[in-house]
Each structure stands twice: as C-alpha cells, then as structure tokens.
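Engineer: no sequence on this one, just coordinates:
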C-alpha cells in the first residue's frame with residue numbers, strides 16, 4: 001500500500017519531469033526557429049511599476065502636476081511644427097493658382113517658357129522632397145535641468161539663476177539643539193566639498209540660536225546653503241536644506257541609513273570634487289528638487305579622483321550612493337557591454353568599468369518646500385510651495401518626482 005507521503009512525492013516528481021520535458025522541447029523548437037524565442041521573450045517581458053506610471057492629463061508646469069517636462073516640451077514642439085506645416089499647406093494652393101493665372105496672362109518667348117518649366121519642375125521636386133525629421137525627439141534626457149520650463153524659472157528666479165551663484169558653493173552644516181549626530185554630520189562634511197560643521201549647544205548659560213538666526217549668520221559669512229540634520233533615537237531621520245539666496249527650505253526625511261564602514265568591500269573617499277549624477281527627476285517638482293541638490297556641489301568636478309555621487313529618484317524616493325570607478329581592460333571571461341537594445345555597444349568592446357562603493361547609503365523623501373526659512377519664516381497665509389500628503393500615495397502608479 002502506497003503511503004500518502006510517497007504518493008505526493010511521486011506526483012511532485014511527475015510534475016517536475018513534465019515541466020523539464022516541456023522546457024527542453026521548447027528549447028529544441030527555438031533552436032530550429034530563433035523567431036520563436038524572440039516572440040516568447042517579447043511576450044513574457046515583465047512590466048514594472050515604473051513602466052505602469054501614469055501622468056496627469058494637463059498642459060501646465062505646476063509643482064502639483066505629475067507631468068513629464070521633457071515629453072511636454074516635445075509635444076509642444078511637435079504641435080508647433082504641425083501647425084506651421086498646416087499653414088504652409090493651406091497657403092500652397094493659393095500660390096499655385098496665382099502662378100497659373102500669371103502664366104495664362106503672359107505671352108513670352110519659347111526660352112522664357114522653357115525657363116519657367118524648369119523652375120516649376122524644381123518647385124515640384126522641392127514640394128515632393130520628404131520632410132526632415134523633427135528636432136523634438138532629440139530633446140530627451142534624464143534630469144536635464146537645462147530644459148526647465150519658463151514658469152519655473154519665473155517662480156524660482158534665485159534658485160535657477162546661474163550668474164548670481166558661485167562656481168564653488170560654501171555650505172554650513174549643523175544639527176538640532178543638543179544633538180548626538182556629530183559623526184553623521186562629519187560624514188556629510190566629507191561628502192559635500194567646501195562644507196563646515198558647527199555644533200549647536202543648549203547650555204543653560206548659552207544662547208539657543210534659531211535656524212533663522214543661523215541663516216543670517218551664514219549669509220553674512222558668504223555661505224550659500226545651510227543643512228540642518230534632524231535626529232530621533234540617536235539616528236538621522238531628517239535633512240533640511242535652506243537655499244540662502246532664495247530663502248527656500250526643502251524638508252527631507254531620511255531612512256535606511258548605512259555607514260560606509262559597514263558596507264562590504266567599501267573604499268575610503270578622497271578630497272577630490274566628485275562628479276554629480278541626477279537621475280529620474282522629470283516632473284516640475286523633480287527639477288526643482290534636483291536643482292536644490294545640484295547647488296550643494298561645485299560645478300567643475302575633479303576627474304582625477306574618479307568619484308561620483310548619485311541621487312536616483314524612483315517612486316518618489318531619492319536614493320543616495322557614492323562610488324569610485326575605474327576603467328580597466330575586459331577579462332577574457334567577461335561579456336561585452338550591451339545597450340538598452342541588448343546589442344553590443346560600439347567603441348567599448350575591450351573595456352569595462354569597475355565600481356567600489358564608498359558610502360554612506362541613505363534614502364531621502366521630499367516632505368515639504370517652504371517659501372521662507374521654515375514654516376515659521378514663511379507667509380502664514382500661504383507658507384509652502386508644495387507639501388506631501390498621505391492621499392498622494394493612494395494611486396500607486398502616480399509619482400510626484
């Protein structure tokens with residue numbers, strides 16, 4: 001008599017055998033006809049939440065609108081080109097009619113007729129020549145701050161003004177009163193060049209300076225930004241970035257903090273100016289946030305240090321990573337670098353890039369943008385440019401950054 005356990009094992013073995021035979025049979029068929037494999041991979045392509053992302057059906061660049069600024073710009077360029085082409089096509093029949101009337105009313109020699117026929121032939125060839133491709137599709141880049149809409153430039157003139165900004169910003173870093181995050185603040189001092197950390201004390205005989213007083217102190221001494229690190233249970237939980245020229249405050253929450261020394265195979269950072277990568281900031285709110293992060297770092301990096309800092313925006317979270325890279329020769333056992341289409345990239349067949357993470361790791365999430373230095377320093381009637389609300393996450397396919 002067969003026990004229940006042996007019967008279950010036999011059924012499981014039979015299912016595995018059937019699955020294996022089906023897989024090897026499919027492999028033999030795809031070997032005979034490679035088109036079957038291409039069709040299968042195209043059909044079984046996984047759809048991620050980022051690919052399901054939905055956009056607001058609006059035609060504005062407000063901070064509350066979830067629109068792709070680059071796609072909106074391309075659409076407007078395409079609409080302008082279509083309108084111009086329709087206007088030219090509408091005016092073309094009238095011009096032809098006038099030319100025919102002039103030709104009927106004039107009595108010229110045979111040479112003039114031949115010249116006219118040749119001109120008409122050239123014009124016809126010009127009209128039948130295929131139209132050149134639009135420039136709109138070429139204007140596409142991830143977090144391209146140069147494509148910031150005019151409405152945002154007018155709303156944040158000090159933030160996006162390049163003439164009034166120094167090429168090497170000067171950053172002041174501090175914490176809350178009687179904070180214990182001195183080590184974490186020193187880490188931020190090592191991440192951001194030209195930054196200085198100053199402790200805040202709450203001694204009973206000392207003056208407890210407010211953030212607005214510290215901002216005034218920093219402005220008088222040539223600092224361009226102020227960073228305030230918040231803590232809870234002796235862990236960093238918040239970061240406030242105050243842009244001193246524009247007096248705008250960005251409030252971020254911090255999560256998933258991991259120090260560099262706890263990362264396996266980590267490296268040690270040097271004092272070189274890092275390269276800055278801003279990835280995934282495509283909405284008006286995302287461009288403003290990316291600009292605030294960009295203003296913390298010098299414009300010209302020092303490439304000899306081979307250090308790069310990345311702020312990657314995904315699903316309204318901003319992931320911070322810091323690496324050192326190296327360009328080396330490809331090993332015989334390694335594959336070539338492929339592009340998004342799955343084909344080998346031309347020009348980089350024999351080289352590879354290696355990465356070593358320096359740390360730290362942490363994740364930011366934008367919570368609020370105040371019009372002044374904090375909520376208390378803003379207009380009481382309208383204190384914020386934008387504020388995160390819980391109902392914004394009701395639709396998991398819509399993102400703000």
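Structural biologist: Perfect, I can see it now. Please read these numbers as outputs of a predicted model, since none were measured by experiment.
Engineer: where along the protein do the helices fall?
Structural biologist: Chain-ordered helices for the chain, with DSSP state H as the definition, fall at 4-32, 34-43, 69-105, 110-128, 150-155, 157-160, 182-191, 211-220, 284-294.
Engineer: Next, count neighbours for residue 185.
Structural biologist: Using other C-beta atoms under 10 Å, residue 185 has 21 other residues around it. In short, each C-beta sits where N, CA and C put it, glycine included.
Engineer: Now do it against residue 231, distance only.
Structural biologist: Taking C-beta to C-beta, to the nearest Å as the criterion, residue 185 is separated from residue 231 by 10 Å.
Engineer: same thing with residue 300?
Structural biologist: Residue 300 sits 34 Å away from residue 231 when distances are taken as C-beta to C-beta.
Engineer: Give me the more crowded residue out of the two.
Structural biologist: Using other C-beta under 10 Å as the criterion, residue 300 and residue 231 rank with residue 231 on top: 17 against 8.
Engineer: For the closest residue to the more buried one other than its chain neighbours, give me its contacts.
Structural biologist: Spatial nearest neighbour of residue 231, excluding adjacent residues (C-beta to C-beta, 6 or more residues apart in numbering): residue 181 at 4.8 Å. If a contact means C-beta atoms under 8 Å, 6 or more residues apart in numbering, then residue 181 has 175, 229, 231, 234, 236 as its contacts.
Engineer: So what pairs up with the first one in the strands?
Structural biologist: Going back to what we said before, that points to residue 175. Applying DSSP bridges to residue 175 gives these bridge partners: residue 229.
Engineer: what's around it, how many residues?
Structural biologist: Here the count is done by other C-beta under 10 Å, and residue 175 has 22 residues near it.
Engineer: same check, this time on the second one
Structural biologist: Other residues within reach of residue 229, judged by other C-beta under 10 Å, total 22.
Engineer: Residue 20 and residue 27: what is the separation?
Structural biologist: Separation of residue 20 from residue 27 (C-beta to C-beta): 11 Å.
Engineer: Repeat that for residue 377.
Structural biologist: Counting by C-beta to C-beta, the separation of residue 377 from residue 27 is 67 Å.
Engineer: which of those two has more neighbours?
Structural biologist: Taking residue 377 and residue 27 together and counting by other C-beta under 10 Å, residue 377 has the greater number of neighbours (17 against 10).
Engineer: Distance check, the more buried one against residue 385.
Structural biologist: Here the distance between residue 377 and residue 385 works out to 14 Å (C-beta to C-beta).
Engineer: And for residue 70?
Structural biologist: As for residue 70, its distance to residue 385 is 22 Å (criterion: C-beta to C-beta).
Engineer: now swap in residue 163 and tell me
Structural biologist: As defined by C-beta to C-beta, residue 163 lies at a distance of 23 Å from residue 385.
Engineer: And for residue 160?
Structural biologist: In this structure, residue 160 and residue 385 are separated by 14 Å, where distance is defined by C-beta to C-beta.
Engineer: try residue 16
Structural biologist: In this structure, residue 16 and residue 385 are separated by 59 Å, where distance is defined by C-beta to C-beta.
Engineer: Please pull out the lowest mean pLDDT helix or strand from this structure.
Structural biologist: Within the chain, confidence by mean pLDDT, DSSP states H and E is lowest for helix 110-128 among all helices and strands, at a mean of 49.
Engineer: Give me the pLDDT value at the residue nearest to residue 254 when sequence neighbours are not counted.
Structural biologist: Taking C-beta to C-beta, 6+ apart, and ignoring the residues beside it in sequence, residue 254 has residue 236 as its nearest neighbour in space, at 4.9 Å. Here, the pLDDT recorded for residue 236 equals 94.
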